[in-house]
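Let me see the structure of the following:
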Amino acid sequence: MQYRKDGRSQNSLSILGLGCMRLPRNTKGQDDLGKAEKLIVEAIDKGVNYFDTAYLYGKSEEILGSALEKSGKRSQVYVATKLPHILCKAQADFDRYFNEQLGRLKTDYIDYYLIHNLSSMDSFERLRSWGLEEWLAGKKAEGKIKQVGFSFHGTQQCFLEMLNSYDWDFCQIQYNYMDENYQAGRKGLQRAHELGLPVVIMEPLFGGKLATGLPKQAEKLLKEAGGTRTPAAWALNWLWDQPEVTVVLSGMGTSEQLQENVKTAAEASVGMLSAGEQATITSVIDVFRSSYKVDCSGCNYCMPCPQGINIPGCFAAYNTRYVTGYISGITLYVTSAITSSPGKKAGPDSCVECGACEKLCPQHIPIINELKQAKRVLQPFYINAALWVFMKMRGE
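Just a heads-up that it's a prediction; the model follows:
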């Protein structure tokens, strides 16, 4: 494993971090505690020392805490988690959630504490009015929080303003070769680096699409240019090629994915991509853009939908229809529909345009309008008829 220095704390952070939002699940879609704990310990043994979780990631904090306690490896790693400020209504809530997080993680301090999804100055000013800065200063003085940062899903201009709004220790941004000029973008990455902030990268594979969801023509371009290098390795190398990137988070769900990414990290270096390889990635971006209809990363922040619509599932099927073909798209759509909550359809025709999803989407996707487009493609009359029969068979 290779490490890059956090200039603020002088910590040496593994360039590959484990993002704990998508830990292993069983066939029923539930967290698989045994597999998740085993994966966490294996990651540590392979040199990964940065683990990112959040209060809002289901049982993620509890699983990470259990794995670290059982293995006795807490002192070997840096734990990053996040304040769920959207649930807070006063300063007292900061302590309430923070103390609960310490209990979940079975620790008495957090190495890297983020304000979760801080994407507007209005939201930051609201937290300031509740005494956030004083609260953070107190926790740092007590040694309960070592480094303070924020994760971001807003506009580039807002990100640049946010950098100057507080004496941050680090930041976390969505960044990959499809998002080079989106949200914070390369300009934001470089500005944070100029200020001496370590930058943690989330969604490096755009929700896995840059690893397993590329159009066939894009896969062909990468194979011709890179031989045995996998699509995932291309995406990760594009990031590690840049000196401003400190840690790249990957939501690895299997030992095989971990081993592949660790191998890629071991061989990575700044400036490793040639001009020809950079040109290949530019061509892949063009193919991707022409094939995908909705830039949904499948983060699930929009869920649950009050009407039971599987929004990420619908968009995945909608995109698949244009990337790999009509049958593949419809098959994925039906699969999403029949695995939705009992008594509710997952189809876009159930949308009542309440707008709850659009308020939560970090990609700022016009979900209501895109669901209308998905409905046109995914719900011809015979698919609706088949779903109606299925629902009847389930007694719904």
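
now Arg186: how far from Glu180?
5 Å (Cβ to Cβ, to the nearest Å). All C-beta spots, glycine's among them, are computed from the backbone N, C-alpha and C.

Repeat that for Leu33.
From Leu33 over to Glu180 (counting by Cβ to Cβ), the distance is 37 Å.

domain ranges for this protein?
3-289, 311-393 (automatic domain parsing).

Endpoints of the first one, how far apart?
For domain 3-289, the first-to-last residue distance is 33 Å (Cα to Cα, to the nearest Å).

Quick one: name whatever helix or strand follows the top strand by length along the chain.
Under DSSP state E, the strand in the chain containing the largest number of residues is strand 145-152. Toward the C-terminal end, the helix or strand that comes next after strand 145-152 (DSSP states H and E) is helix 156-163.

Now do that next one: everything it contacts.
Helix 156-163 has contacts (Cβ atoms under 8 Å, 6 or more residues apart in numbering) with 118-121, 124, 150, 152, 154, 171, 173, 181, 183-185, 187-188, 191-192, 195, 197.

Mind giving me the PyMOL command for buried ones among the residues you listed?
Here is the PyMOL command that selects the buried residues among the contacts of helix 156-163 (16 or more other Cβ atoms under 10 Å):
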select buried, resi 118+119+124+150+152+154+171+173+183+184+185+188+191+192+197
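
Just the ones of the contacts of helix 156-163 in helices?
Judged by DSSP state H, the subset of the contacts of helix 156-163 located in helices is Met121, Phe124, Gly185, Lys187, Gly188, Arg191, Ala192.

would you turn these into TSV with pLDDT and distance to Trp234?
Listed next are the ones in helices among the contacts of helix 156-163 as TSV, based on pLDDT from 0 to 100; distance: Cβ to Cβ, whole Å:
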residue	pLDDT	distance to Trp234
Met121	87	36
Phe124	91	35
Gly185	90	20
Lys187	94	23
Gly188	94	23
Arg191	96	26
Ala192	96	24
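
between those, which is closest to Val287?
Ranked by distance to Val287 (Cβ to Cβ), those are led by Gly185 at 20.9 Å.

With Pro204 as the reference, measure out to the closest residue to the closest one other than its chain neighbours.
Using Cβ to Cβ, 6 or more residues apart in numbering and skipping the chain neighbours, the partner closest in space to Gly185 is Gln156 (5.2 Å). Note on Gln156: its distance to Pro204, by Cβ to Cβ, is 19 Å.

Those two - which one has more neighbours?
Taking other Cβ atoms under 10 Å, Gln156 and Pro204 do not tie; Pro204 has more neighbours (27 against 17).

which residues sit in contact with that one?
Tyr175, Asn176, Leu210, Ala235, Leu236, Leu239, Val248, Leu249, Ser250.

and the closest residue to the first one other than its chain neighbours, how many residues sit next to it?
In this case it means Tyr175. Nearest non-adjacent residue to Tyr175, counting by Cβ to Cβ, 6+ apart: Ile201, 5.0 Å away. Summarising burial for Ile201: neighbours were counted as other Cβ under 10 Å, giving 26.

Assign Ile201 to helix, strand or coil.
Of the three states, Ile201 takes strand according to DSSP: H, G, I helix; E, B strand; the rest coil.

can you pull out the strands in the stretch 201-350 of the chain?
Listed in chain order, the strands of the stretch 201-350 of the chain (DSSP state E, counting those that start in this stretch) span 247-250.

circling back to that earlier point, mean confidence for the longest strand of the chain?
Mean pLDDT, strand 145-152: 96.

counting contacts, what elements does it pack onto?
On a contact count with 3 or more Cβ pairs under 8 Å, 6 or more residues apart in numbering; DSSP states H and E, strand 145-152 meets strand 110-115, helix 132-142, helix 156-163, strand 170-174.

secondary structure element for Val79?
Val79 belongs to strand 78-83, assigned by DSSP H and E.

Now do that strand, average pLDDT.
Computed over strand 78-83, the mean pLDDT rounds to 97.

from the middle of its chain, how far away would the helix or strand just after it be?
Following strand 78-83 in sequence order, the next helix or strand is helix 91-105 (DSSP H and E). Offset of helix 91-105 from its chain centre (Cα atoms, centre = their mean, to the nearest Å): 22 Å.

in helix 91-105, what's buried?
Phe94, Tyr97, Phe98, Gln101, Leu102, Arg104, Leu105.

can you check stretch 317-324 too?
So, applying 16+ other Cβ under 10 Å, buried residues of stretch 317-324: Ala317, Tyr318, Asn319, Thr320, Arg321, Tyr322, Val323.

Model confidence score at Trp130, please.
94.

name the helices or strands packed onto the biggest helix by length in the chain?
In the chain, assigned by DSSP H, the helix with the most residues is helix 275-291. Applying 3+ Cβ pairs under 8 Å, 6+ apart, one finds that helix 275-291 makes contact with helix 216-226, helix 231-240, helix 311-323.

Give me the residues contacting stretch 235-244.
Contacts for stretch 235-244 (Cβ under 8 Å, 6+ apart): 15-16, 175-177, 189-190, 192-193, 199, 201, 204-206, 210-211, 229, 245, 248, 250, 261, 264-265, 268-273, 281.

Thanks a lot, see you next time.
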